[in-house]
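Chemist: Quick one, structure for this:
(one chain, ligands or ions: 1)
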Amino acid sequence: MEAIVVEGGKPITGEVHVGGAKNSALKLMAAALLAPGVTTLRNVPDISDVALMAEVLEHLGAHVGRDGHVLTVDATELVSHEAPYDLVARMRASTCVLGALVGRLGRAHVAMPGGCNIGSRKVDMHIHGLEQLGVTVRTEHGYIDASGRAHGANVFLDFPSVGATENLLMASVLADGVTVIDNAAREPEIVDLANMLGEMGAAIEGAGSSVIRVTGVAALSAVEHAVVGDRIEAGTYLMAGAIDSGPVTVTGFDPSHLDIVLQKLEQAGCTLDRGTDRVTVSRTGPLRPVDIQTLPYPGFPTDLQSLFMTLMSIADGGSVITENVFENRFIFADEISRMGADVRIDGHYALIRGVAQLSGAPVAGPDLRGGAALVLAGLVADGRTVVTEIHHIDRGYEGFVDKLRSLGADVRRIELDGLETA
Ligand code: UD1
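Modeler: This is a model prediction of the structure:
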């Protein structure tokens, strides 16, 4: 068991580069299942979720190779259509093989993901959408069992679910006829997936808008593709620059993917300098209170909500955060409150009264983004913060401690018996 130790008060400044988006890389790996041959993915982050997705693909019969940030998936021959519970339980995103297996094999047997610590995270829209495509879906013994070739159909999603949109995209690219996904998610990771599928030979129009139209093709071929830069990782380091005073420059992503976040940082008193693949954040005055509400893209991303709460916890006044995407994402508030933050939760609203100073404390990362947010809180807290449960952080941030250190932070990983590991 490892922990991250942060000594507060060291100024944060410099430049940091972000890798490929976790939430895209995982889906592109699944999409590789759709074509026989070797798919090459570049800019793949070295994080534990990617390693786990590689295990899922290997279980299905694909061969996964890795050389630095280049990952290959040889899906020439698949030997199984089952994603077993022990793998899905470790990473909910592995359910994205459902659509790819239906597309490639016309069969999928994928464990139902349980709840997780940010909410119940249902899969009803995935299932309903596949049924609309003519696939027979049964849920029994804890598994989603899908069988039958998909055919084109009109599917309306009750909510623009990222995962459901991706599964339906992957199930429909090889279907017979035209599929229209209405109220589709518009995240940049959806566009990245649609781009790669297009390079493989799929006919997709409208990705990035609410209506995606897919004309099924007979076969796809393996391609080489670079994963889009991680806007959430970028947002994390921009928050680090904002919570301290910077300047911090973050490179390797498309700033237009963070439009609303950048606007909110400006409203909070930060100065931003935007380039084509970089943003510099700095601040001279106090942090001003700003309200946000999380929404599907292009709204404020729920994945940056706990990081923004950290920022607001030391703002000069009160702010309200409304969480509209995941019902349990406020469990983070209990941990940051242990560091002296003044946060009250009422349903899906959080009322934050800024305090002058956070105080270092032992805290436990409740989830991936919450863990990162606690480390950021530690940067400006008085004294030492020890963040445990950091396996969550390793799921989605490559070299988190090293990157913060390169910005001047006094942060290190330790074994919980006190032995330093990095
Ligand atoms: C993805 C991202 C996650 C991000 C989220 C929203 C990955 C691996 N994860 O998760 O980081 O926070 O998008 O941007 O890409 N829902 C249902 N029924 C369904 C599907 C979803 O009720 O069939 C609900 C969920 O419980 C949740 C909301 O819809 O409350 C949004 O979920 P969704 O957009 O599907 O998120 P994920 O794809 O799971």
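Chemist: ok, the closest residue to Thr271 other than its chain neighbours - contacts?
Modeler: Closest residue in space to Thr271, ignoring its immediate chain neighbours: Ser282 at 5.1 Å, by Cβ to Cβ, 6 or more residues apart in numbering. Every residue, glycine included, has its C-beta placed from N, CA and C. Contacts here follow Cβ atoms under 8 Å, 6 or more residues apart in numbering; on that basis Ser282 touches Gly241, Ser245, Gly246, Pro247, Val248, Cys270, Thr271.
Chemist: Out of those residues, list just those in strands.
Modeler: The strands, defined by DSSP state E, take in Val248, Thr271 from these.
Chemist: Please convert the contacts of Ser282 to CSV, extending it with pLDDT.
Modeler: Formatted as CSV, those follow (pLDDT from 0 to 100):
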residue, pLDDT
Gly241, 97
Ser245, 85
Gly246, 87
Pro247, 97
Val248, 98
Cys270, 97
Thr271, 97
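Chemist: Mind picking the two most distant members of the contacts of Ser282?
Modeler: Farthest pair in those (Cβ to Cβ) is Val248 and Thr271. Separation: 11.5 Å.
Chemist: Got a quick PyMOL command for the buried subset of the contacts of Ser282?
Modeler: Command for PyMOL that selects the buried part of the contacts of Ser282, burial taken from 16 or more other Cβ atoms under 10 Å:
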select buried, resi 241+245+246+247+248+270
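Chemist: Can you tell me which of the contacts of Ser282 lies closest to the ligand?
Modeler: Proximity of the contacts of Ser282 to the ligand, judged by Cβ to the nearest ligand atom, is greatest for Gly241, which lies at 22.1 Å.
Chemist: out of everything not next to it in sequence, what's closest to that closest one?
Modeler: Nearest residue to Gly241 in three dimensions, chain neighbours excluded: Val248, at 2.9 Å (Cβ to Cβ, 6+ apart).
Chemist: Quick check: that neighbour vs Gly396, distance?
Modeler: Val248 is 19 Å from Gly396, where distance means Cβ to Cβ, to the nearest Å.
Chemist: Likewise for Ala218?
Modeler: For Ala218, the distance to Gly396 equals 36 Å [Cβ to Cβ].
Chemist: what about the two, which has more around it?
Modeler: Using other Cβ atoms under 10 Å, the more surrounded residue of Ala218 and Gly396 is Gly396, with 25 against 7.
Chemist: The more buried one reaches Asp367, doesn't it?
Modeler: No: between Gly396 and Asp367 there is no contact under Cβ atoms under 8 Å: 9.7 Å.
Chemist: where does the stretch 301-422 of the chain come near the ligand, residue by residue?
Modeler: Thr302, Asp303, Val325, Phe326 (Cβ under 6 Å from any ligand atom).
Chemist: quick one: which of the residues you listed sit in helices?
Modeler: If you go by DSSP state H, these have nothing in helices.
Chemist: chain center to stretch 178-195: distance?
Modeler: Relative to its parent chain, stretch 178-195 has a centroid offset of 16 Å by Cα atoms, centre = their mean, to the nearest Å.
Chemist: helix or strand for His109, which one?
Modeler: For His109, the host element (DSSP states H and E) is strand 107-111.
Chemist: so who does the nearest residue to Asp410 once chain neighbours are set aside touch?
Modeler: Spatially, and ignoring its direct neighbours in sequence, Asp410 is nearest to Glu7 (4.0 Å; Cβ to Cβ, 6+ apart). Residues near Glu7 by Cβ under 8 Å, 6+ apart: Gly360, Gly383, Arg384, Asp410, Val411.
Chemist: Tell me the bridge partners for the last one.
Modeler: Okay, so that is Val411. Applying DSSP bridges to Val411 gives these bridge partners: Val6.
Chemist: quick revisit: overlap in contacts, Val248 and Thr271.
Modeler: Common neighbours of Val248 and Thr271 (criterion: Cβ under 8 Å, 6+ apart): Val281, Ser282.
Chemist: who are the neighbours in contact with Gly201?
Modeler: Contacts for Gly201 (Cβ under 8 Å, 6+ apart) come out as Val217, Ala219, Leu220, Ser221.
Chemist: and which of these is nearest the ligand?
Modeler: Nearest to the ligand among those: Leu220, at 21.6 Å, using Cβ to the nearest ligand atom.
Chemist: Where does the closest one fall, secondary structure wise?
Modeler: Under the criterion DSSP H and E, no helix or strand holds Leu220.
Chemist: where along this protein do the helices fall?
Modeler: Counting by DSSP H, the helices of the chain are 22-31, 48-60, 85-88, 97-105, 124-132, 162-172, 188-200, 231-243, 259-267, 305-312, 331-337, 368-380, 391-396, 400-406.
Chemist: To Thr13, which of the ones you listed lies closest?
Modeler: So among these, helix 231-243 is nearest, using Cβ to Cβ, at 7.9 Å.
Chemist: by contact count, what packs against the closest one?
Modeler: Counting contacts by 3 or more Cβ pairs under 8 Å, 6 or more residues apart in numbering; DSSP states H and E, helix 231-243 packs against helix 22-31, strand 248-251, helix 259-267, strand 278-282, helix 305-312, helix 368-380.
Chemist: Contacts for the second one, please.
Modeler: Right, the one you point to is strand 248-251. 12-18, 234, 237-238, 240-241, 277-282, 407.
Chemist: now the residues you listed: which count as buried?
Modeler: By neighbour count, with 16+ other Cβ under 10 Å, these hold 12-14, 16-18, 234, 237-238, 240-241, 278-282, 407 as buried.
Chemist: tell me which residues of the worst-scoring helix or strand of the chain on mean pLDDT are tucked away?
Modeler: Lowest by mean pLDDT, DSSP states H and E among the helices and strands of the chain is helix 85-88, with a mean of 90. Neighbour-count burial for helix 85-88 flags Tyr85, Leu87, Val88 (criterion: 16+ other Cβ under 10 Å).
Chemist: of all these, which comes closest to the ligand?
Modeler: Val88 (12.5 Å).
Chemist: got the contact list for that closest one?
Modeler: Contact analysis of Val88 by Cβ under 8 Å, 6+ apart lists Val56, Ser94, Thr95, Val110, Ala111, Met112, Pro113.
Chemist: rerun at 6 Å
Modeler: By Cβ atoms under 6 Å, 6 or more residues apart in numbering, the residues touching Val88 are Ser94, Ala111, Pro113.
Chemist: Kindly report the same for Gly208.
Modeler: Contact partners of Gly208, counting by Cβ under 6 Å, 6+ apart, are Arg186, Val191.
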